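1. Prediction below, plus the sequence it came from.
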Amino acid sequence: MLMYMNVIKPLVLTCAGVLGIAGIVQAQQATTPPVVPPPVSASGPCPIGFRDSAKARDWQVRVDNAHALADTVQKRDALYALVKEALGSETDVRIAANKFPTQPNPADYMPYPVVNFDVNLGGKRDSGSSYFFTTRDAAYVVLGPGSIHSRGPVTTQNNTDHERYHVERHWGDSRPVMDREVEVWTHIFTTTFHSDYPYRLLWNPLMSAYENASPAERAITLHELVKYYQNPPAEIGSGCVDEFRAEYRGWIERRVTDEKLAWRQLITDLQRGLDLPVVTPAPPGSK
Ligand SMILES: [Zn+2]
C-alpha cells in the first residue's frame, strides 16, 4: 500500500495512508460497503470518554448511504460533511478542486495545515484513502473517499493523523519508507489504542510496516509498544488499565488466529516482549 509518485517537480512525495481497518483496503471501490459490527464494550466505563458508541449505528448508515450516492456532487458533499464531523471544528477541511483529474497537483489543494478532501483521489492514485506530498514551499494533506469507513470516524481521524505526522516529522527524511511507516503507525497505536480499542482495528498496516522495516527501526518500535503496555499513559485512568491491557493482549491473540493475515513477526516479538505465551500461527495456505 505504499506508493511514491511524482507530481510536478516534486521534491519529496509521499506515502499513503492506509486504512487501519478490517481488511478493507480500498473502500472507495466497494459498491456495497460491508456491514461492520458496532464497537464492543460500548456501554462500559472504559475507555474513558469513548465517544462513538451510541452513534455507531447512525454513523454506519450515513457512511454507507454517502458512498452509495450516484450523483457526484451529492456524494462529494455528503462525504465532506462526514470528514468534517470526524475531525471536528478545530480542523480546517476544504473540498479539493479537480483541475487535474488524473494526477495529484498542488493547484487543486490548499497547503497544510488545511486538510483537503478530494472525492476524486481514487482516479489520481491507486489508493483513494489518504496521502501527503510536499513541493518546494509547502506540504499538502489529502483525504479521499477511502478514508471514510462505516466502522466509525476513527479511520478518518487515524488517516489524518498519519499524514500530519509525516508532514511534521518526515519532511526531507531519507530513511527507507517502511521505517517511516512503522514509526507513524507506532505513534498512532500508542496514542489512540487506549481510547479506540472498542473498534477492534486490525492494525494491519502497523504489522506490515514492521515486517518490512529495518532491524534498528523494528527494535525502536518493539520498545515503544512494550513500554506502552507496561507503562500506559495516565489519561487511561487507573480503573481502566486492566481492561486496556486485556484488549491489547486480545488484539495480539486474535492476530494469531486470523487466517486472512500472513504470519507476522510483530506478533511473535510482542508475545516475547510482553512475556505472553508464544503461539505462532500456521502460514496461510498451509492447511
Ligand atoms: Zn504513511
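-> It's in.

2. from here on, contacts and neighbour counts on C-alpha atoms
-> Will do.

3. Is the residue in the stretch 101-250 of the chain that the ion sits nearest to in a helix, a strand, or coil?
-> Closest contact between the stretch 101-250 of the chain and the ion, by C-alpha to the ion, is at residue 181 (5.1 Å). Residue 181 falls in the helix class when you classify it by DSSP: H, G, I helix; E, B strand; the rest coil.

4. ok, it - how many residues close by?
-> Per other C-alpha atoms under 10 Å, the neighbour tally for residue 181 reads 24.

5. what residues are up against the residue nearest to it when sequence neighbours are not counted?
-> Leaving aside its chain neighbours, residue 181 sits nearest to residue 209 (5.9 Å; criterion: C-alpha to C-alpha, 6 or more residues apart in numbering). Listed by C-alpha atoms under 8 Å, 6 or more residues apart in numbering, the contact set of residue 209 reads 178-179, 181-182.

6. pull the CA atoms of the helix or strand harbouring residue 209 into CSV?
-> If you go by DSSP states H and E, residue 209 is part of helix 204-212. The C-alpha coordinates for helix 204-212 follow below in CSV (Å, rounded to 0.1, in the frame of the first residue of the first chain):
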residue,chain,number,x,y,z
ASN,A,204,-2.5,-4.5,9.7
PRO,A,205,-0.5,-1.5,8.3
LEU,A,206,1.5,-1.5,11.6
MET,A,207,2.3,-5.2,11.2
SER,A,208,3.1,-4.9,7.5
ALA,A,209,5.4,-1.9,8.0
TYR,A,210,7.2,-3.7,10.9
GLU,A,211,7.6,-6.8,8.7
ASN,A,212,9.5,-4.7,6.1
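
7. show me what contacts residue 157?
-> For residue 157, the contact set (C-alpha under 8 Å, 6+ apart) comprises 86-87.

8. Surely it is within a strand?
-> No: under the criterion used here (three-state DSSP), residue 157 is helix, not part of a strand.

9. And it, how far from residue 58?
-> 18 Å (C-alpha to C-alpha, to the nearest Å).

10. same thing with residue 99?
-> Going from residue 99 to residue 58 by C-alpha to C-alpha gives 34 Å.

11. cool, and residue 239?
-> 29 Å.

12. The helix or strand containing residue 191 packs against which elements?
-> In the assignment (DSSP H and E), residue 191 maps to helix 177-196. Helix 177-196 sits against helix 154-169, helix 204-212, helix 215-230, with contacts defined as 3 or more C-alpha pairs under 8 Å, 6 or more residues apart in numbering; DSSP states H and E.

13. can you list those helices in TSV and add distance to residue 86?
-> Shown next, in TSV, are the helices and strands packed on helix 177-196 (distance: least, C-alpha to C-alpha, whole Å):
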stretch	distance to residue 86
helix 154-169	6
helix 204-212	21
helix 215-230	26
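
14. re earlier: put the alpha carbons of the helix holding residue 191 into CSV.
-> Taking Å, rounded to 0.1, in the frame of the first residue of the first chain, the C-alpha atoms of helix 177-196 are listed here in CSV:
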residue,chain,number,x,y,z
VAL,A,177,9.8,4.3,3.5
MET,A,178,8.9,1.4,5.7
ASP,A,179,11.0,2.8,8.6
ARG,A,180,8.9,5.9,8.4
GLU,A,181,5.7,4.0,8.1
VAL,A,182,6.4,1.8,11.1
GLU,A,183,7.3,5.0,13.1
VAL,A,184,4.0,6.6,12.1
TRP,A,185,1.8,3.6,12.9
THR,A,186,3.6,3.1,16.2
HIS,A,187,2.9,6.7,17.1
ILE,A,188,-0.8,6.3,16.2
PHE,A,189,-1.2,3.0,18.0
THR,A,190,0.4,4.3,21.2
THR,A,191,-1.6,7.5,21.2
THR,A,192,-5.0,6.0,20.3
PHE,A,193,-5.3,2.3,21.1
HIS,A,194,-6.3,3.0,24.7
SER,A,195,-9.2,5.2,23.6
ASP,A,196,-10.2,3.5,20.5
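
15. Which residues does it contact?
-> With C-alpha under 8 Å, 6+ apart as the test, helix 177-196 has contacts from 2, 15, 47-50, 154, 158, 161-162, 165-166, 170, 205-206, 209-210, 212-214, 217-218, 221, 224-225, 228, 236, 244.

16. who's in contact with residue 154?
-> Counted by C-alpha under 8 Å, 6+ apart, residue 154 has contacts 86, 196.

17. And the contacts of stretch 114-124?
-> Looking at stretch 114-124 with C-alpha under 8 Å, 6+ apart, the contacting residues turn out to be 28, 76, 79-80, 83, 91-98, 101-104, 109-110, 127-129, 140-145, 160.
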